[in-house]
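**Q** Show me the folded form of this:
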Amino acid sequence: MSAVAAGGRSFLDNVTARFRAGVVTTGELVKLAVESIQWGFSDILARRFSWSEFLLQCWFMTRVSLLPTILVAIPFGVITSVQIGAAANQIGAQSFIGAVNGIGVLRQGAPLVTSLMIAGAVGSAVCADLGARTVREEIDALKVMGISPIQRLVAPRILAALVVSLLLTVIVAMTAMTTAFVIVVGGGQISSGTYLDSFVGLAQPGDLVLAELKGLIFGFVAIVVCAHKGLSARGGPKAVADAVNQAVVLSVILLAVINVGLTQAYVMLFPGGA
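**A** Okay, here's the model as predicted:
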């Protein structure tokens, strides 16, 4: 019985420690996000924002994410068109294939693919960069010189991620919808006019706004998480690798939860657009 009690106590202590660590991490993430926003706005208003770092990060994020995003969006468009087309044929609703394809890609597909690319490609690169700077004590050197690493490194990366997320969301949506159009119309399921009419008739500007809003939020959350993990890396190269792994996993989980919340909020606030 004593062994069982000791095991139960150990399990409870482990759960409690993990819960406390989660609370601490959440607080640190919120603090980093608030400080990044404050530094970004104050530096832009004071005309001391590092625009060169911002442009460099925009180019870097676009370079590492553009091609993978397109390569993921194409098969996504193929899968959605095939699955939706098969379901529509079974219930005799072929004329609505265009609307379902387009709205599904706009509301869910484009933001989700963008979030995965931001977290997997961009976020991991940002985390590795900041983690390497941390283990080489460059971050400590900035602090000694009185320079905030959040102001100098994190804020420009967050603004760059917001811009790149907006652009990637549009690229994913256009690539996936074009692919679906080619598959459905080229396959002879419906005519191009019927496809476009159904999409234009049911799609709303709010769908694009929702997609872009999700892209902004996803990009912001992913870069904040990855920057936090990079700045928290301690040790050698293994610590950087562990930080990248933790950052990607945590980002994907948070983005999935946020996506569900945003979708439900949109349905509740705009029932006519559901």
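**Q** where does the stretch 1-150 of the chain dip in pLDDT?
**A** Scanning the stretch 1-150 of the chain for pLDDT under 70 picks out 1-9, 11, 13, 84-99.
**Q** which residues in the protein form helices?
**A** 2-46, 51-91, 97-104, 110-117, 124-135, 138-144, 149, 155-186, 192-202, 205-231, 237-269 (DSSP state H).
**Q** burial of Met61, as a residue count?
**A** By the measure other Cβ atoms under 10 Å, the count of residues near Met61 is 27. Glycine gets a C-beta too; all of them are placed from N, C-alpha and C.
**Q** Kindly report the same for Ser65.
**A** For Ser65, the number of neighbouring residues by other Cβ under 10 Å comes to 24.
**Q** hang on, the earlier thing: right, so the helices of the chain: which one is the most enclosed?
**A** For the helices of the chain, average neighbour numbers computed from mean count of other Cβ atoms under 10 Å are highest in helix 110-117, which has a mean of 27.
**Q** where's it relative to the chain centroid, distance-wise?
**A** Average the C-alpha atoms of helix 110-117, do the same for its chain, and the two points are 6 Å apart (Cα atoms, centre = their mean, to the nearest Å).
**Q** so that helix versus helix 155-186, what angle?
**A** Angular relation of helix 110-117 and helix 155-186 on a 0 to 180 degree scale: 130 degrees, by axes from the mean of the first three to the mean of the last three Cα atoms, to 10 degrees.
**Q** Contacts for helix 110-117, please.
**A** Counting contacts by Cβ atoms under 8 Å, 6 or more residues apart in numbering, the residues outside helix 110-117 that touch it are 65, 68-69, 72-73, 76, 165, 168-170, 172-173, 176, 210-211, 214-215, 218-219, 222, 252, 255, 259.
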